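Enquirer: here's a sequence, model it:
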Amino acid sequence: MNRAHVIDCLLALGLICAGPALAAADDEPAPPQYQPVAAKLLQTRQGLGNVLGKLAAGQEVRIAYFGGSITAANGWRPKTMQWFAEKFPAAKVEEINAAIGGTGSDLGVFRLEHDVLRHRPDLVFVEFAVNDGGASPQQIWRSMEGIVRQIWTANPRTDICFVYTFRVGYEKDLAAGSCPTAASAMEMLAEHYGIPSINVALKTVELQQAGKLVFQSDEPSPAGVIRFSQDGVHPLDEGHQIYTDVIAESLKSMQKSPAAVDHAPQLAKAFVADHWQAAKMAPISEKMLSGEWTKLDPEATLTKRFGERMGTLWETRQPGSKLTFKFRGSIARLYDLLAPDGGQVIIRVDGETRPKPVPRFDSYCTYERIATLSIAENLDREQVHTISIEVHPDQPDRSSVAFRLQNPEVELKQPKYQGTNIRASQILLLGDLVE
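Expert: All right, here's what the predicted structure looks like:
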């Protein structure tokens, strides 16, 4: 029986009156309709008055850089930090580097508390327009709105700025005057919440159209022409300097922003009803584990590389070892590592086994990297669900990585690529664990 039918029945029985029932329905935000948004270098909106005011007053300021590999690189992030230091020498400016390569806002919304909010930022730059490029507007809205609402629920005086970076393929939309799909979706959300945005991708395309830049090349450019990148995505130093210059000019423009803004009133009305504000991470505990698991030592190589982001890492090399937990909610994922010696897992949700084992290995696995394993999506959020993840006895097919190796027939037989290893640290939830 759907909601409308229930309301009709209650009205007929006189158990509710029409006014309040209709008002409750009207409180839910109407689903937004995606449309391309005009591209502009800067949209000031409510500005960055809180953080700029503190900088001008010489106070202590924490600036978070929340994004993917473009932000993680030694590029616009440290360059803009240097600009802040030079522009506001009396202020004490601290960087929060919260960027992880190859990840988008769909992971960001779960790790936000751990990587950003616990450090009490005054400003959060959010850069996911490239890594969210393959996501639907609806998915982008769910995760990006969750990020916004988590930040302002924690501290409504924290300023947020969206940054839209470039990748080859975005030039067609930008040259025509529109943001690409991911940035357009983010702009619609930014307009709803009054969040300023800086479109460094637009400047990149403008320079290319003027004959002053090539998007992608392995060879040095002629004098006076900027070689933006080698791969069409990750800027070289000159590309990062373009980003820095655009951001610096935008920040100068926003110095006229109101001195202080309380963003709390912006939370009164949601943009989408199914936003992921409740997304969270829950650490794996020993009682969830069966079989042979090892808590990696703080001095272990993988802990040194990934522990700051992931927390305590658990490792198993033994087929049949399991991770089991219960939760009430709609989504569960595993925060884990993909690796050259990664195994594959059998996933069971409420007693139902997924048809095929899921490998923790892919075509990039010449090295270890952070990843997420989707366990359960779109479950009944009011029900308690039982999850089991078991190590499969066979290692996954390694042939997908062969094209990256000089001598795959020999290298794939080496110990580096042998094993059924699973390494994980946190459970990503839209919901809550149940004891």
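
Enquirer: in the stretch 201-350 of the chain, which spans are strands?
Expert: Assigned strands in the stretch 201-350 of the chain, in chain order: 213-214, 226-227, 280-283, 289-290, 294-295, 314-316, 322-338, 344-349 (criterion: DSSP state E, counting those that start in this stretch).

Enquirer: mind listing the strands the longest one pairs with, and their directions?
Expert: If you go by DSSP bridges, strand 322-338 pairs up with strand 289-290 (antiparallel), strand 369-376 (antiparallel), strand 384-391 (antiparallel), strand 422-434 (antiparallel).

Enquirer: identify whichever of the strands of the stretch 201-350 of the chain lies nearest to Trp141.
Expert: Closest to Trp141 of those is strand 322-338 (CB to CB; 15.6 Å). To be clear about C-beta, it is placed using only N, CA and C from the backbone, and glycine gets the same treatment.

Enquirer: hmm, back to that, any chance of JSON lines for the strands of the stretch 201-350 of the chain, columns distance to Pro265, mean neighbour count and mean pLDDT?
Expert: JSON lines is the format used below for the strands of the stretch 201-350 of the chain (distance: least, CB to CB, whole Å; neighbours: other CB atoms under 10 Å; pLDDT from 0 to 100):
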{"stretch": "strand 213-214", "distance to Pro265": "41", "mean neighbour count": "18", "mean pLDDT": "97"}
{"stretch": "strand 226-227", "distance to Pro265": "43", "mean neighbour count": "20", "mean pLDDT": "97"}
{"stretch": "strand 280-283", "distance to Pro265": "25", "mean neighbour count": "19", "mean pLDDT": "96"}
{"stretch": "strand 289-290", "distance to Pro265": "45", "mean neighbour count": "16", "mean pLDDT": "98"}
{"stretch": "strand 294-295", "distance to Pro265": "45", "mean neighbour count": "14", "mean pLDDT": "97"}
{"stretch": "strand 314-316", "distance to Pro265": "43", "mean neighbour count": "21", "mean pLDDT": "98"}
{"stretch": "strand 322-338", "distance to Pro265": "29", "mean neighbour count": "21", "mean pLDDT": "98"}
{"stretch": "strand 344-349", "distance to Pro265": "40", "mean neighbour count": "20", "mean pLDDT": "98"}
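
Enquirer: these: which one's closest to Asn155?
Expert: When the strands of the stretch 201-350 of the chain are ranked by proximity to Asn155, the top entry is strand 280-283, at 17.4 Å, counting by CB to CB.

Enquirer: for the closest one, which strands pair with it and how are they oriented?
Expert: Applying DSSP bridges to the sheet, strand 280-283 is found paired with strand 422-434 (antiparallel).

Enquirer: what angle do strand 344-349 and the strand it pairs with make with each other?
Expert: Between the axis of strand 422-434 and that of strand 344-349 there is an angle of 10 degrees, by axes from the mean of the first three to the mean of the last three CA atoms, to 10 degrees.

Enquirer: so for strand 422-434, mean pLDDT?
Expert: The average pLDDT for strand 422-434 rounds to 97.

Enquirer: how far off centre is that strand?
Expert: With CA atoms, centre = their mean, to the nearest Å as the basis, strand 422-434 stands 16 Å off its chain's centre.

Enquirer: do stretch 354-369 as well
Expert: Here the centre of stretch 354-369 is set off from its chain's centre by 20 Å, with CA atoms, centre = their mean.

Enquirer: give the buried residues for it.
Expert: Of the residues in stretch 354-369, those scored as buried under the neighbour-count criterion (16 or more other CB atoms under 10 Å) are Pro357, Val358, Pro359, Arg360, Phe361, Cys365, Glu368, Arg369.

Enquirer: with adjacent residues omitted, what lies nearest to the last one?
Expert: Of all residues not flanking Arg369 in the chain, Leu338 sits nearest, at 5.6 Å (CB to CB, 6 or more residues apart in numbering).
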